[in-house]
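# Whatever this is, show me its structure:
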Amino acid sequence: VNLKWWEIFNDPILDTLVIVALNENKNVLIAISRIEEARANLGFTEADIFPRIDLQGGATRGNFTGGLKLDSEINNFFIAPVVNWEIDFWGKFRRANESAKAQYLASEFSLRKIQISLITEVVSTYFLLLDFKERLTISENTLQSRIESLRIIQERFDKGIIPEIDLNQAQIQKEIAAATVPLYKRLVAQTEHSLSILLGRMPSSIKTGIEIDERDVPPEIPIGLTSQLLERRPDISESLFLLQSQNARVGVAVAQMFPSISLTGLFGLASYDLSTLTEGNPAWSISGSLLGPIFNFGKNTSRVEVEEARTEQALYQYENTVLNAFREVEDALVEVQTFKEQLQSIERQYLAAKNAEMLSRMRYDGGVTSYLEVLESERTLFNAELQLSEVRQQTFNSYIKPNLL
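Below is the predicted model:
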């Protein structure tokens with residue numbers, strides 16, 4: 001899977017942030033550790049298929065050995081390697097190994113899912129930060145403009161040209177703009193702190209690149225993408241391997257209903273005197289054993305039923321994951337199209353509001369209209385600027401959802 005989809009935004013700073021997050025984010029590091037755990041568990045389970053070689057030794061003294069009582073006390077010393085092998089006649093170990101292998105592959109796709117989710121969160125938080133910084137700039141510029149307007153209104157009031165209500169309205173508009181400045185300062189700081197945590201760092205300020213109002217919207221997403229592209233989604237692959245892992249556990253449970261067959265072999269040295277142990281005659285034995293359930297009140301049958309029920313749940317989970325994948329892709333395509341249309345409408349609204357604000361001020365200065373018209377035009381323009389920045393951010397975010405990968 002090509003993870004570098006964020007490069008469509010052509011922002012070197014964003015590229016750096018994503019790379020840092022992939023290397024330092026704590027959730028990614030946890031997922032990598034889980035892969036190592038699954039790999040070790042696979043090796044642990046695979047070892048059960050092969051014979052086990054142990055070293056056995058012992059020393060005894062007494063007049064009873066081998067089930068017989070002797071006339072005198074004797075010493076007995078031995079040392080020998082012992083081979084134990086439970087023959088996988090019913091496939092119990094093979095199915096357990098199959099389950100562990102599928103679990104390991106699922107952990108690989110779980111890491112990829114976490115990576116994609118992390119990239120998505122980093123990029124979306126980055127654009128949210130750009131949005132809040134843009135709105136902070138708009139608020140600061142609006143505040144400066146209204147401070148200047150208030151100064152002019154104050155001079156006109158002092159000269160008795162305008163009524164006091166015009167002065168009060170100008171003061172209100174100035175404070176409305178002033179109140180938004182600390183609001184967006186707070187949101188900028190909080191967003192920077194959230195992005196820092198995604199990068200695996202202490203909360204701090206974040207350097208950003210191109211301003212959000214200077215960015216070009218990415219190209220159109222082609223319509224009619226094949227559904228086979230959904231097979232690349234790591235959440236679907238992870239769910240599929242979890243289903244395979246659980247299905248293999250059914251085979252393990254079934255195999256436990258049948259007898260287990262084991263072989264044990266021993267070949268070593270034995271002596272009645274410790275000093276002559278290495279010179280003693282070879283000692284050997286080979287044996288086989290069979291252990292099988294006869295009556296356990298339905299325990300083994302219930303074990304199979306439990307695993308079958310869990311497999312059914314895993315199947316439903318896989319089907320639900322696939323259905324949600326189709327829904328998310330359709331939703332994302334709709335968002336891309338509708339946000340672009342909404343952005344174009346807000347841009348036209350902003351241009352009209354900007355022109356209306358200029359004309360209202362000219363009409364007021366010429367004595368043609370009241371100050372209420374100016375206030376309404378300023379309020380409309382301010383809201384349109386803030387909304388334009390927000391919709392820009394939402395438009396970019398509609399492109400960065402993992403359900404389009």
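# can we go C-alpha only for contacts and neighbour counts from here?
Fine.
# Which stretches in the stretch 51-200 of the chain count as helices?
92-158, 164-198 (DSSP state H, counting those that start in this stretch).
# List just the one of those helices that sits closest to residue 240.
Distance to residue 240, taken as C-alpha to C-alpha, is lowest for helix 92-158 among the helices of the stretch 51-200 of the chain, at 7.9 Å.
# For that closest one, name the packing helices and strands.
Helix 92-158 sits against helix 12-24, helix 26-46, helix 164-198, helix 234-255, helix 371-397, with contacts defined as 3 or more C-alpha pairs under 8 Å, 6 or more residues apart in numbering; DSSP states H and E.
# what pLDDT, on average, does it get?
Taken as a whole, helix 92-158 carries a mean pLDDT of 89.
# Repeat that for stretch 316-334.
The average pLDDT within stretch 316-334 is 88.
# Could you list the low-confidence segments of the chain?
1-3, 63-68, 70, 77-80, 85, 220-229, 231, 265-285, 290, 401-405 (pLDDT under 70).
# Grab the most central residue of this structure for me.
When C-alpha atoms, centre = their mean is applied to the chain, the residue found nearest the centroid is residue 114 (2.7 Å).
# Next, the contact list for it, please.
Residues in contact with residue 114 (C-alpha atoms under 8 Å, 6 or more residues apart in numbering) are 27-28, 31.
# what are the bridge partners for residue 62, then?
Taking DSSP bridges as the rule, residue 62 bridges to residue 74.
# how near is it to residue 56?
Between residue 62 and residue 56 the computed distance is 20 Å (C-alpha to C-alpha, to the nearest Å).
# Same check on residue 141?
To residue 56, residue 141 is 85 Å away according to C-alpha to C-alpha.
# Also residue 312?
45 Å.
# out of those two, which sits in the busier spot?
Per other C-alpha atoms under 10 Å, whichever of residue 312 and residue 56 has more neighbours is residue 312, with 15 against 12.
# quick revisit: would you tell me which one of the helices and strands packed on helix 92-158 is buried the most?
Of all the helices and strands packed on helix 92-158, helix 234-255 has the most neighbours on average by mean count of other C-alpha atoms under 10 Å, namely a mean of 23.
# Quick one: list the elements packing against that one.
Helix 234-255 is packed against helix 92-158, helix 299-365, with contacts defined by 3+ C-alpha pairs under 8 Å, 6+ apart.
# quick check: angle from the first one to helix 234-255?
Which is helix 92-158. Here helix 92-158 runs at an angle of 150 degrees relative to helix 234-255 (axes from the mean of the first three to the mean of the last three C-alpha atoms, to 10 degrees).
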